[in-house]
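Asker: Just need the structure, nothing else, for what follows:
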Amino acid sequence: MSNLVRSNDLSSLRSMMEDVWNNKFFNVPFFNTDFPAVNVLEKDDHYELEVSAPGYNKKDFKVMADNGMLTISAENSSEKKEESENYTRREFSRSSFTRSFTLPENVAGEDIKAKYQDGLLRIDLKKTTKSLPKGKEVKVD
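Answerer: Now for the predicted structure:
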């Protein structure tokens, strides 16, 4: 059997400072850098956005084109509960993100399509000479 031993040297202070600098204590959105990776590809007649977002369902996403901006957001939550004679264990999990992109003037707002499959959200933005309409929500397939 081992005992906890109080340390009188600077190693405990060093460990605490490493925790501070590695954001273990500051788990707030300002310090959080867990944004999904996004690839932007330009083709002859359209743009493609690929958002790496595993662990979500297609119903968790909201894709909105409004006033020259494309906003992609997702939110999900889960709860696990385990009960026994001597204990109850409940775990909650919540994750979310929002990413916004300025749309080029040559994007057809009515032709934006989104599809989520295997942890990858693909958004297809058709090029056109028309301007983007205001406030269009995009259905994720």
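
Asker: State the helix or strand in which the most centrally placed residue in the chain lies.
Answerer: With distances taken as C-alpha atoms, centre = their mean, F97 lies nearest the centre of the chain, 3.5 Å away. When elements are defined using DSSP states H and E, F97 is found to belong to strand 88-102.

Asker: Flag every buried residue along that strand.
Answerer: 97, 101 (16 or more other C-beta atoms under 10 Å). (Each C-beta comes from the backbone N, C-alpha and C, glycine too.)

Asker: Now do the very next helix or strand once past it: which elements does it pack against?
Answerer: Beyond strand 88-102 in the direction of the C-terminus, DSSP H and E gives the next helix or strand as strand 107-117. With contacts taken as 3 or more C-beta pairs under 8 Å, 6 or more residues apart in numbering; DSSP states H and E, strand 107-117 sits against strand 61-66, strand 120-127, strand 136-138.

Asker: helices or strands next to the helix or strand that the first one is followed by in the packing?
Answerer: Past strand 61-66, heading to the C-terminal end, the next element that is a helix or strand (DSSP H and E) is strand 69-83. When contacts are defined as 3+ C-beta pairs under 8 Å, 6+ apart, strand 69-83 sits against strand 46-52, strand 61-66, strand 88-102, strand 120-127.

Asker: any chance of those strands in JSON lines, with distance to V38 too?
Answerer: Below are those laid out as JSON lines (distance: least, C-beta to C-beta, whole Å):
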{"stretch": "strand 46-52", "distance to V38": "5"}
{"stretch": "strand 61-66", "distance to V38": "13"}
{"stretch": "strand 88-102", "distance to V38": "6"}
{"stretch": "strand 120-127", "distance to V38": "9"}
